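Colleague: would you be able to build a 3D model of this:
(chains A and B)
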Amino acid sequence: MSGTHADEPSVLQHHFDNLGQQFEASTLGMWLFLVTEILFFGGLFTAYMVYRMAYPEAFAEASHHLNIVLGGANTAVLIGSSLTMAMAVYAAQRGQRERQVVFLVLTMVLGMVFLGVKSVEYSHKFAEGLIPGPNFRFEGDAIHSQLFFSLYFVMTGLHALHMIIGIGIMAVLTMMAWKGRYTARYHTPVEVSGLYWHFVDIVWIFLFPLLYLIDRHGAVR
Amino acid sequence: MVNHVTHAESAAGGADPAVHLVPLRVYLAVFTALMVLTALTVWAATVDLGPFNTVVALGIACTKAVLVVLFFMHVRYSTTLTWAVVAGGFFWLLLLLLMTLSDYVTRGPGWLHFG
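Modeller: Residues are numbered from 1 along each chain as shown, chains lettered A, B, ... in the order given. Prediction:
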């Protein structure tokens, strides 16, 4: 079967027995990288957990300054982008070049919508004086609410950086897909980039409830 | 090649990529579930459940993450080795969280003060 495909010698690296083995090795390698990413964000989630337990009132007060509507809408946008990413892989697996390009572009557009909404949220925080530092203005526990906003900006900022890198990867993929580089037999880069994109989605799935939601019912305000 | 046929077994001997073709309806079902769970977690945040607000929010987030990992990230259709790596990653995260917690919550009153 392998000898009948003319494209195979160009996509199969010489150190792999076959495309199946090459695909397994690539996805496993991507997962190993994602494990380091889990622990990278895990450290920040741990810091958030510890400080939130130490200063529950300040964290609850501070979280009331986040916009649930914008955060919730962004969650929906990001889940939508995960669907379009999955559809891009779906199209690649079936060797559908144009559909692949369309879904990759849609994924990028949704990623940019997310970043756009995020920048609106950041600018609100600037306007309200909620940037940690000498100009931080906060009615209440100003010292410990700064901890909340420090963690908020670091965590959402690093998440946004991952999105920006992801959009860059999507741009390269789109170009390659446009040139017809990915076929039903070889589309490993699309699959592997998809894993990265979905991982970034998962990080937000935890950031949204932890930063925006869990203290909203509270008696604080 | 049209339908969802697992090539994982044949991959060892054959040359075909070990790709599982997930049907479209699975992706759409997962997407719908993720959207419903998002709406649910926003609604749950408005109800005062005491300490269980955090438990509910994290439970819903974990459910969503599992759906993404199993279906969008194809782990459900992956090899045992991939399963082990993924499970190991999340297990190490759990260790990080639990061991840090077991330290801080057993320090007694006034356990964390930076001024």
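
Colleague: near chain A, anything from the helix ranked longest in chain B?
Modeller: For chain B, the helix reaching the highest residue count under DSSP state H is reported as helix B:80-104. Yes - contact of helix B:80-104 with chain A (Cβ under 8 Å from any Cβ of the partner chain) involves B:81-82, B:85-86, B:88-90, B:92-93, B:96-97, B:100-101, B:104. All C-beta spots, glycine's among them, are computed from the backbone N, C-alpha and C.

Colleague: give me the buried subset of these.
Modeller: Buried subset of those (neighbour count, 16 or more other Cβ atoms under 10 Å in any protein chain shown): B:82, B:85, B:86, B:89, B:90, B:93, B:96, B:100.

Colleague: assign residue A:14 to helix, strand or coil.
Modeller: Here residue A:14 is recorded as coil under DSSP: H, G, I helix; E, B strand; the rest coil.

Colleague: which stretches of the chain form helices?
Modeller: Here I'm looking at chain A. Under DSSP H, chain A gives helices at A:8-11, A:19-54, A:56-63, A:68-93, A:97-127, A:142-178, A:188-207.

Colleague: wait, chain B
Modeller: Secondary structure of chain B (DSSP H): helices at B:8-11, B:24-46, B:52-67, B:80-104.

Colleague: so which of these is the most packed in?
Modeller: helix B:52-67 (a mean of 18; mean count of other Cβ atoms under 10 Å in any protein chain shown).

Colleague: what's the weakest-modelled helix or strand in chain B?
Modeller: Within chain B, no helix or strand scores below helix B:8-11, which has a mean of 40 by mean pLDDT, DSSP states H and E.

Colleague: what about chain A, any weak spots by pLDDT?
Modeller: Residue ranges of chain A with pLDDT under 70: A:1-9, A:218-221.

Colleague: for stretch A:68-88, which positions count as buried?
Modeller: By 16+ other Cβ under 10 Å, the buried positions in stretch A:68-88 come out as A:68, A:71-72, A:74-75, A:77-88.

Colleague: run the contact check for that stretch versus chain B.
Modeller: Yes - contact of stretch A:68-88 with chain B (Cβ under 8 Å from any Cβ) involves A:68, A:72, A:75, A:76, A:79, A:80, A:82, A:83, A:85, A:86, A:87.

Colleague: likewise stretch A:40-47?
Modeller: Yes - under the criterion of Cβ under 8 Å from any Cβ, chain B is reached by stretch A:40-47 at A:42, A:43, A:45, A:46.

Colleague: the third one touches residue A:210, doesn't it?
Modeller: This means residue A:45. Yes - with contact defined as Cβ atoms under 8 Å, residue A:45 counts as touching residue A:210 (7.3 Å).

Colleague: so for the two, which sits in the more crowded spot?
Modeller: Neighbours were counted for residue A:45 and for residue A:210 using other Cβ atoms under 10 Å in any protein chain shown; residue A:210 has more, 22 against 19.

Colleague: nearest spatial neighbour of the more buried one, skipping sequence neighbours?
Modeller: Residue nearest to residue A:210 in three dimensions, not counting chain neighbours: residue A:48, with 6.6 Å by Cβ to Cβ, 6 or more residues apart in numbering or on different chains.

Colleague: who are the contact partners of the one you found?
Modeller: A:151, A:155, A:210 (Cβ atoms under 8 Å, 6 or more residues apart in numbering or on different chains).

Colleague: swap in residue A:158?
Modeller: A:41, A:44.

Colleague: give me the distance between it and chain B.
Modeller: 16 Å (Cβ to the nearest Cβ, to the nearest Å).

Colleague: which single one of the residues of helix B:80-104 next to chain A is nearest to chain A?
Modeller: residue B:89 (3.4 Å; Cβ to the nearest Cβ).

Colleague: next up, the contacts around the closest one.
Modeller: So residue B:89 contacts A:31, A:34, A:35, A:38, A:39 (Cβ under 8 Å, 6+ apart).

Colleague: just for chain B, where's the confidence low?
Modeller: Residues of chain B meeting the criterion pLDDT under 70: B:1-19, B:111-115.
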